[in-house]
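> next comes the sequence, and after it the predicted model I'd like to discuss.
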Amino acid sequence: MSSTPPAPVVTVPDAAAVLARHCVTEVGDPHGPVLLLAHGFGAGQLAWTRLLPFFQDHRVVLFDYAGSGGTRLADFDHERHAELGGYAQDLLEVCAALDLRDVHVVAHSVSAMIALLAAAAQPDRFASLALLAPSPRYVDDPAGGWVGGFSLEDVHELLESLDSNYYAWSAAMAPVVMGTPGSPDLEAELTESFLGTHPDAAATFASAIFLSDSRDVLGRVDQPTLVLQCRHDALAPEEVGAAVAAALPRGHLVALQATGHCPHISAPAETAAALRAHLDRHARHDASGATRSGPPS
């Protein structure tokens, strides 16, 4: 296990190239508060489809990480993207290309740690964060009192299975990750999403996720941060959500009734309600776009 290195501070020489590389799209009110949606592993910006109707009054920015969604495999760098800091650099480059300020990030799963790394690197760019089903370390650390939910042997077996047959792995893991028994349509949707990620990129990304330890970044992010924890999440146990919220200087934990690891897909209305409360609490925007801070956490 290795600690996650910090994301570098980036400048963008060619904004148009960045926007094309990450398939950046915008919806909603172009004059509203900026809401940046960062997808999880094996997904792309389409994963947010069910959530979008709840935020039509925001300027919603969507993108795909290199190797995910509609991006080209040629833009995936196995060295850069072998660490979560490489994905944080992707996120920061998108922000720089659009010159985004006062950004509210909603980040799912691994993107929670990616967003925290980005916020730690460029704190002045971000107004708040919302982390859906986050985990800074998936491997148990008995000596440190950390329950991640997996042994190191479990993780190596998972990665070996993914590397040997990504398609079979996707079909087997989708029901586990979705965590919504009785909803085969959602499981099928997630399987299809997994299969949209190239196996080579998926293997590198999965290793970066499951073998990283990002706990050290939690104490370095001062923005108000919502942690959304689901019931019966096979990847992020309830102990993890509580520990993440407690370690964040301005963390706030909300336990959802939703089950599984993807509440933005399986329970979009409940997820949106929690997000709206968080945004209303911590940031007000007037018609000119100026930000007025909400009450402290």
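Happy to help now that I have it. Numbering: from 1, shown residues only.

> show me what the residue nearest to P30 when sequence neighbours are not counted is bridged to.
Nearest residue to P30, sequence neighbours excluded (C-beta to C-beta, 6 or more residues apart in numbering): R59, at 5.4 Å. Quick note: C-beta positions are derived from backbone N, CA and C, even for glycine. Under DSSP bridges, the beta-bridge partners of R59 are G28, V34.

> what's the neighbour count on R59?
R59: 22 surrounding residues under other C-beta atoms under 10 Å.

> got it, and G145?
8.

> before we move on, what about the one 4 residues further on?
For G149, the number of neighbouring residues by other C-beta under 10 Å comes to 18.

> do the same with V103
25.

> what do you get for the one 3 residues further on?
Here the neighbour count serves as a burial measure; for V106 (other C-beta under 10 Å) it reads 29.

> which of the three states applies to it?
strand (DSSP: H, G, I helix; E, B strand; the rest coil).

> wait, it sits on L37?
Yes. Applying C-beta atoms under 8 Å as the test, V106 and L37 come out as touching, 5.2 Å apart.

> now T271. Nearest residue, chain neighbours left out?
Distances taken as C-beta to C-beta, 6+ apart place P263 nearest to T271, at 4.5 Å, with adjacent residues excluded.

> any common contacting residues for V106 and L37?
L51 (C-beta atoms under 8 Å, 6 or more residues apart in numbering).

> report pLDDT for the spatially most central residue of the chain.
Nearest to the mean C-alpha position of the chain, counting by C-alpha atoms, centre = their mean, stands S111 at 2.3 Å. pLDDT, S111: 98.

> dump the residue contacts of it.
38-40, 87, 91.

> return the set of buried residues in stretch 62-76.
With burial defined by 16 or more other C-beta atoms under 10 Å, the residues of stretch 62-76 counted as buried are 62-69, 71, 75-76.

> try stretch 114-128
So for stretch 114-128, counting by 16+ other C-beta under 10 Å, buried means 114-122, 125-128.

> got the end-to-end distance for that stretch?
One end of stretch 114-128 sits 14 Å from the other (C-alpha to C-alpha, to the nearest Å).

> repeat that for stretch 139-151.
For stretch 139-151, the first-to-last residue distance is 5 Å (C-alpha to C-alpha).

> pLDDT (mean, whole number) over it?
Computed over stretch 139-151, the mean pLDDT rounds to 95.

> in the stretch 101-250 of the chain, which spans are helices?
Taking DSSP state H, counting those that start in this stretch as the criterion, the stretch 101-250 of the chain carries its helices at 110-121, 152-164, 166-178, 184-195, 199-210, 238-247.

> okay if I get those helices as JSON lines plus distance to T49?
Output for these, formatted as JSON lines (distance: least, C-beta to C-beta, whole Å):
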{"stretch": "helix 110-121", "distance to T49": "16"}
{"stretch": "helix 152-164", "distance to T49": "25"}
{"stretch": "helix 166-178", "distance to T49": "15"}
{"stretch": "helix 184-195", "distance to T49": "10"}
{"stretch": "helix 199-210", "distance to T49": "21"}
{"stretch": "helix 238-247", "distance to T49": "25"}
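
> check those for me and report the most buried one.
helix 110-121 (a mean of 28; mean count of other C-beta atoms under 10 Å).
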